[in-house]
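Asks: fold the following for me, if possible:
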Amino acid sequence: MAGDQGPEEGAGVKFMRLHPSPPPHRMAGPKVGRPWASTTAWICAAVLLVGAPAPLAQAQLREDPEKVLGFAHELLAEGDVYRAISEYKAFLILFPRHPRSAEAWFGLGKGLRQGGDADGALRAFEQAEREESEAGRPWAREAALEIGETLRMAGHPGPAARAFEELARTPRWGEIRGRALQRAAWAWMEARQWGEALRVLGEIEHTDPLREASERLGDEIRSGLQTLPWRDPWVAGGLAALLPGTGHLYAGRHKEAVTSFLLNATFIAGAFWAIREGYLVTGGILSFFELSWYLGGISTAVREARQFNRDREGEWLEGLARRWGQPPLEPGAKAGEPVLRWEFRF
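Replies: Numbers count the residues shown, from 1 in each chain. Next up is the predicted model:
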């Protein structure tokens, strides 16, 4: 048996020499040799623990209509218009029949108007104005006024004035009739319809608290219009026809006056010289261009006189608005003037 075990032990020794046992620190390798695995696990757990409350808190916020609407109001007050719009829309989608829905529509209209979407703001204010509940009535009342105000701020004072007048004639809103008529008067003034402004101011009832202020405003309008410098477009055109350049000088356009005079004088002199020297074709061409400059000068003199009047009226109206604490006329299509027009100027 000893002889039998010898070769086996010898083979075993040989095997151990071919595969020596690893050092102690390598035998523990599978347990501590991958530190990144445990680190990744800890990071994932931390992310889950930190990120879990956010969706939960957001879901809890969405379940409370008061918090959603209050959050939207805070965003709008801070100037974060687009997030406020999203919150107002979320409130109206989640709680369409809530008693404060008119308030949400009103806030949505304000946010859309600040964001430049006048059409969307009008639709939101119209939706708020339809509210019949007792809780929504104050917001519906203010939304009815904001419809006309949105038109005015969009550069449409004429339609805004008509919207205010229609509101004043609505029996449902008799309590704000005076406010609507006063705003209509300001819109008519921005449209340079002074007679219409005075008319609607006179329609404010004597029992209305705004009656006294409206009378003072009407008196200031009358006196201000009488003292404004005025240029008659017909006089400007007649002066330009008699002597090119004088119509522009009358309208306060001194550089244009000098230019018009020199151009017309140059073409007249050139045409006269060409005809006298026998260059009839050249004289005819110069005469044609001179006629164009002459007629164009009359047209521009008339237009410059009207522009002079508009500028003086605009300056006076801006001062009047500041004195009465009214918002200034919005830039853009002032007084209902077309933004784009085709014209030929000479």
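Asks: and the longest helix along the chain, how far out from the chain middle?
Replies: In the chain, with assignment by DSSP state H, the single longest helix is helix 280-323. The chain centre lies 32 Å from the centre of helix 280-323; the measure is CA atoms, centre = their mean, to the nearest Å.
Asks: now do stretch 244-255
Replies: For stretch 244-255, the distance to the chain centre is 37 Å (CA atoms, centre = their mean).
Asks: buried residues in it?
Replies: Pro244, Gly245, Thr246, Gly247, His248, Leu249, Tyr250, Ala251, Gly252, Arg253 (16 or more other CB atoms under 10 Å). (Glycine included, C-beta is placed from N, CA and C.)
Asks: outside of that stretch, which residues touch it?
Replies: Residues outside stretch 244-255 that contact it (CB atoms under 8 Å, 6 or more residues apart in numbering): 231, 235-241, 256-261, 263-265, 293-294, 297-298, 300-302, 304-305, 307-308.
Asks: picking that back up, so which of the buried residues of stretch 244-255 sit within helices?
Replies: Per DSSP H, the buried residues of stretch 244-255 map to helices at Thr246, Gly247, His248, Leu249, Tyr250.
Asks: and which of the residues you listed is nearest Phe164?
Replies: Distance to Phe164 across those (CB to CB) is lowest for Tyr250, with 37.7 Å.
Asks: the residue nearest to Pro159 when sequence neighbours are not counted and Ala128: what is the separation?
Replies: Here the nearest residue to Pro159 in space, its sequence neighbours aside, is Leu151; by CB to CB, 6 or more residues apart in numbering that works out to 5.1 Å. With the distance defined as CB to CB, to the nearest Å, Leu151 ends up 16 Å from Ala128.
Asks: show me which of those two is the more surrounded one.
Replies: Ala128 (26 against 22; other CB atoms under 10 Å).
Asks: ok, the residue nearest to Pro159 touching Ala160?
Replies: Yes. Leu151 is within contact range of Ala160, at 3.8 Å (criterion: CB atoms under 8 Å).
Asks: okay, now the domains of this structure?
Replies: Listed by automatic domain parsing, the domain ranges of the chain are 62-227, 233-321.
Asks: could I get those domains as TSV with mean pLDDT?
Replies: Shown next, in TSV, are the domains of the chain (pLDDT from 0 to 100):
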stretch	mean pLDDT
domain 62-227	91
domain 233-321	88
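Asks: which residue ranges form the strands in the stretch 151-300 of the chain?
Replies: Secondary structure of the stretch 151-300 of the chain (DSSP state E, counting those that start in this stretch): no strands located.
Asks: quick check: buried residues in stretch 64-82?
Replies: Buried residues in stretch 64-82 (16+ other CB under 10 Å): Pro65, Val68, Leu69, Phe71, Ala72, His73, Leu75, Leu76, Val81.
Asks: please apply the same query to stretch 98-108.
Replies: For stretch 98-108, a neighbour-count test (16+ other CB under 10 Å) marks His98, Arg100, Ser101, Ala102, Glu103, Ala104, Trp105, Phe106, Gly107, Leu108 as buried.
Asks: stretch 254-269 too?
Replies: Glu256, Ala257, Thr259, Ser260, Phe261, Leu263, Asn264, Phe267, Ile268.
Asks: got the phi and psi for the nearest residue to the third one once chain neighbours are set aside?
Replies: This points to Thr259. In space, and not counting its chain neighbours, Thr259 is closest to Gly245: 7.8 Å by CB to CB, 6+ apart. The phi/psi pair for Gly245 (degrees, to the nearest 10) reads phi 100, psi -30.
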